[in-house]
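S.K.: could you look at this predicted model? Sequence included:
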Amino acid sequence: MLYRAHLLSPDGSARLKEFADGGLLVDEAGRIVDAGAFEALEAAHPGAEVMDLRPHWILPGLIDLHSHLPQFECVALDGLELMPWLETHIFPAEARFRDSEVAARAARDYFRSQLALGTTTSVAYLTVHPEAADRAFREAERCGIRAVLGKVMMDMHAPEALLEDTGASLRQSEELCETWHGRDGGRLRYAFTPRFAPVCSGELMAGLARAAQRHGAYIQTHISESVGEIERVRELFPEAADYTAVYAAAGMLGPRTLLGHGIHLSRSEREVIRESGATIVHCPRSNEFIKSGIMPLRRWLSEGLSVGLATDVGGGPKLDMWGEMAAACNASKTRWALQRLQGLRLDGVEGLDGELRTRIALALDLDQDDPVTPVEAFHLATLHGARALGLEAETGSLDPGKDADFIVVDPRRVDPAASRAVEPAEEMLSRLLYRSDPAMIRATYVRGRRCHALGA
Ligand code: GUN
Ligand code: ZN
């Protein structure tokens with residue numbers, strides 16, 4: 001099928017690739033054969049059936065690199081910081097997944113919602129229950145989404161209803177990995193999912209790191225999200241130099257490791273993570289909602305860390321990656337403005353000499369980093385996510401050779417002046433982020449299969 005629309009894709013170097021009257025040729029296997037100017041494609045492939053989608057735009061599907069499927073039903077409960085929020089709201093909600101029918105229903109709603117919002121790759125935490133995990137995979141298999149999922153592991157300091165035996169947790173996770181990792185030509189993959197160090201023993205973490213290595217599977221966990229959490233890790237692992245050292249000692253850090261949040265990492269921790277090739281997953285709305293902090297996104301990027309973007313539902317209130325991209329830009333702007341304000345305050349202190357001022361500015365992290373732009377946020381939500389998963393050859397842009405994971409977007413839903421002929425791509429992208437509306441997603445395709453159609 002040759003789709004005719006306005007094509008917009010990340011180019012891999014923080015710019016956009018665009019064809020105002022574009023064509024996307026997709027073969028029977030769901031792979032992108034060609035992408036470019038429509039006239040040229042039509043001439044090169046004269047027999048191709050054309051589907052004219054104008055005035056809609058085609059963009060690559062979005063990659064949500066970290067979220068919690070069982071928390072979808074208890075989002076947006078405000079008031080608590082991470083550790084008490086988990087105890088009060090999250091653990092009771094996850095305990096309900098011992099009933100696999102509850103789990104199956106939740107998974108169906110969750111993936112359907114993601115597809116309707118334009119997310120084509122879903123990386124998610126499940127609960128400790130292996131049957132519930134199996135049902136979630138089956139739902140992902142059925143609905144067509146690309147998914148990396150994992151049964152949560154916790155063998156220490158968890159509530160009774162969710163506490164696991166170390167050996168059973170490892171065995172059940174490995175069985176799920178054997179069943180699902182690489183299924184359907186790699187559309188479904190497994191992530192070993194130790195929740196975070198405060199609820200995992202060293203033995204569990206070392207065991208799962210070995211299992212992930214054996215199977216070429218992912219590891220996903222949380223790191224350095226809140227100050228209370230970091231203090232807890234210090235109490236539980238007094239021998240470790242810092243939080244990152246706990247995971248490093250277990251052998252958990254590598255290019256297939258996804259570390260949620262990473263807001264408060266020290267310089268030396270960042271260096272260890274960068275060298276390991278692991279990815280920091282930025283979840284700005286969750287960070288704001290549970291008062292965790294504002295990640296220095298620009299700094300992490302300029303240091304060469306691999307960074308992806310995610311909703312972190314239910315810490316984040318919504319599954320929509322458009323709003324998450326806007327939140328990443330806004331969090332970055334807030335940080336920038338605060339730094340500038342603090343700099344001005346320092347300038348106002350009488351007698352603060354050059355060298356002392358420099359040292360204070362360094363201690364307070366006051367460098368004037370430019371805020372992150374919508375085009376950069378779009379890269380985080382597409383190509384960077386694909387790279388973090390080692391799936392750059394499969395998804396994350398509209399380049400030929402990749403699977404046809406794309407969305408059809410109606411620009412008129414977000415542009416009050418939609419009567420204008422053609423909007424510059426960067427302006428349109430900015431509007432899509434800041435004014436996102438679920439009704440702008442007309443259709444979502446994964447590997448060429450239409451998995452969502454508005455109103456269908
Ligand atoms: N850290 C450990 N578990 C969780 C969770 O479920 N959500 C968030 N945001 N952080 C966590
Ligand atoms: Zn999370």
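M.R.: Thanks, I have the structure now. Ligands and ions are numbered 1, 2, ... in the order given.
S.K.: for the spatially most central residue of the chain, which non-adjacent residue is closest in space?
M.R.: When C-alpha atoms, centre = their mean is applied to the chain, the residue found nearest the centroid is residue 65 (2.3 Å). Excluding the flanking residues, the one nearest residue 65 by C-beta to C-beta, 6 or more residues apart in numbering is residue 308, at 3.9 Å. For glycine as for every other residue, the C-beta is placed from the backbone atoms N, C-alpha and C.
S.K.: mind listing what the residue of the stretch 301-450 of the chain found nearest ligand 1 touches?
M.R.: Per C-beta to the nearest ligand atom, the residue of the stretch 301-450 of the chain with the smallest distance to ligand 1 is residue 315, at 3.2 Å. Contacts for residue 315 were tallied using C-beta atoms under 8 Å, 6 or more residues apart in numbering; they are 68, 71, 82, 85, 283, 286-287, 289-290.
S.K.: okay, now residue 129: neighbour count?
M.R.: Neighbour count for residue 129, taken as other C-beta atoms under 10 Å: 25.
S.K.: didn't it look like it was pressed against residue 96?
M.R.: No. Under the criterion of C-beta atoms under 8 Å, residue 129 makes no contact with residue 96, lying 9.7 Å away.
S.K.: can you tell me the SS state at residue 298?
M.R.: Look at residue 298: counting by DSSP: H, G, I helix; E, B strand; the rest coil, its state is helix.
S.K.: contacting residues around it?
M.R.: Going by C-beta under 8 Å, 6+ apart, residue 298 touches 332, 335-336, 369-372.
S.K.: mind pulling up the pLDDT for the residue of the stretch 301-450 of the chain closest to ligand 1?
M.R.: At residue 315, the predicted lDDT confidence score is 96.
S.K.: same question for residue 420.
M.R.: We have a pLDDT of 58 for residue 420.
S.K.: so, low pLDDT: which residues of the stretch 301-450 of the chain?
M.R.: When the per-residue scores of the stretch 301-450 of the chain are filtered using pLDDT under 70, the ranges that remain are 368, 418-422.
S.K.: need the residues of it near ligand 1, please.
M.R.: By C-beta under 6 Å from any ligand atom, the residues of the stretch 301-450 of the chain that approach ligand 1 are 312, 315.
S.K.: which of the contacts of residue 315 fall in strands?
M.R.: Secondary-structure check on the contacts of residue 315 using DSSP state E: residues within strands are residue 68.
S.K.: if you rank the contacts of residue 315 by neighbours, which is first?
M.R.: Busiest of the contacts of residue 315 [other C-beta under 10 Å] is residue 283, holding 32 neighbours.
S.K.: buried only: go through the contacts of residue 298 for me.
M.R.: Among the contacts of residue 298, the ones that count as buried by 16 or more other C-beta atoms under 10 Å are 332, 335-336, 369, 371-372.
S.K.: distance to residue 4 for those - can I get that in CSV?
M.R.: Formatted as CSV, the entries for the buried ones among the contacts of residue 298 read as follows, by distance: C-beta to C-beta, whole Å:
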residue, distance to residue 4
332, 36
335, 41
336, 40
369, 41
371, 36
372, 33
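S.K.: export these to CSV and tack on secondary structure and distance to residue 152?
M.R.: Listed next are these as CSV, based on DSSP: H, G, I helix; E, B strand; the rest coil; distance: C-beta to C-beta, whole Å:
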residue, secondary structure, distance to residue 152
332, helix, 30
335, helix, 31
336, helix, 35
369, coil, 35
371, coil, 34
372, coil, 30
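S.K.: do stretch 117-130 and ligand 2 meet?
M.R.: No. Taking C-beta under 5 Å from the ion as the criterion, stretch 117-130 and ligand 2 are apart, separated by no less than 6.4 Å.
S.K.: contact partners for the nearest residue to residue 440 once chain neighbours are set aside?
M.R.: Counting by C-beta to C-beta, 6+ apart, residue 413 is the residue found nearest to residue 440 once chain neighbours are left out, at 3.8 Å. Taking C-beta under 8 Å, 6+ apart as the definition of contact, the neighbours of residue 413 are 437, 439-440.
S.K.: and for residue 326?
M.R.: For residue 326, the contacting residues are 374, 377, 433-434, 436, by C-beta under 8 Å, 6+ apart.
S.K.: same question, residue 183
M.R.: Contact criterion C-beta under 8 Å, 6+ apart gives 137, 141 as the residues in contact with residue 183.
S.K.: swap in the one 5 residues further on?
M.R.: Taking C-beta under 8 Å, 6+ apart, we find residue 188 in contact with 137, 140-141, 146-149, 180-182.
S.K.: before we move on, the earlier item: also near ligand 1: which of the contacts of residue 315, exactly?
M.R.: Subset of the contacts of residue 315 in contact with ligand 1: 68, 82, 286, counting by C-beta under 6 Å from any ligand atom.
S.K.: wait, the last one sits on residue 309?
M.R.: Right, residue 286. No. Proximity of residue 286 to residue 309 does not meet the contact threshold set by C-beta under 8 Å, at 11.3 Å.
S.K.: look at the residue lying farthest from the centre of the chain and give its secondary structure.
M.R.: Summary for the chain: using C-alpha atoms, centre = their mean, the residue whose C-alpha lies farthest from the chain's mean C-alpha position is residue 351, with a distance of 46.4 Å. In three-state terms, and counting by three-state DSSP, residue 351 is coil.
S.K.: how much space separates it from residue 341?
M.R.: 21 Å (C-beta to C-beta, to the nearest Å).
S.K.: residue 407 too?
M.R.: Using C-beta to C-beta, one gets 39 Å for the distance from residue 407 to residue 341.
S.K.: go on, residue 33?
M.R.: Using C-beta to C-beta, one gets 52 Å for the distance from residue 33 to residue 341.
S.K.: comparing the two, which residue is more hemmed in?
M.R.: Remark: of residue 33 and residue 341, residue 33 carries more neighbours, 17 against 11, as counted by other C-beta under 10 Å.
S.K.: now that one, nearest residue through space, not along the chain?
M.R.: Counting by C-beta to C-beta, 6+ apart, residue 25 is the residue found nearest to residue 33 once chain neighbours are left out, at 4.5 Å.
S.K.: alpha carbons of the strand or helix carrying that neighbour, as PDB, please.
M.R.: Using DSSP states H and E, residue 25 maps to strand 16-26. Coordinates of the C-alpha atoms in strand 16-26 are reproduced here as PDB (Å, rounded to 0.1, in the frame of the first residue of the first chain):
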ATOM      1  CA  LEU A  16      13.200  16.700  11.300                       C
ATOM      2  CA  LYS A  17      12.800  14.900   7.900                       C
ATOM      3  CA  GLU A  18       9.700  16.100   6.100                       C
ATOM      4  CA  PHE A  19       7.900  15.500   2.800                       C
ATOM      5  CA  ALA A  20       4.900  17.900   2.500                       C
ATOM      6  CA  ASP A  21       3.300  15.700  -0.300                       C
ATOM      7  CA  GLY A  22       4.800  12.500   0.800                       C
ATOM      8  CA  GLY A  23       4.400   8.800   0.200                       C
ATOM      9  CA  LEU A  24       5.100   5.800   2.400                       C
ATOM     10  CA  LEU A  25       5.200   2.500   0.700                       C
ATOM     11  CA  VAL A  26       4.500  -0.500   2.900                       C
END
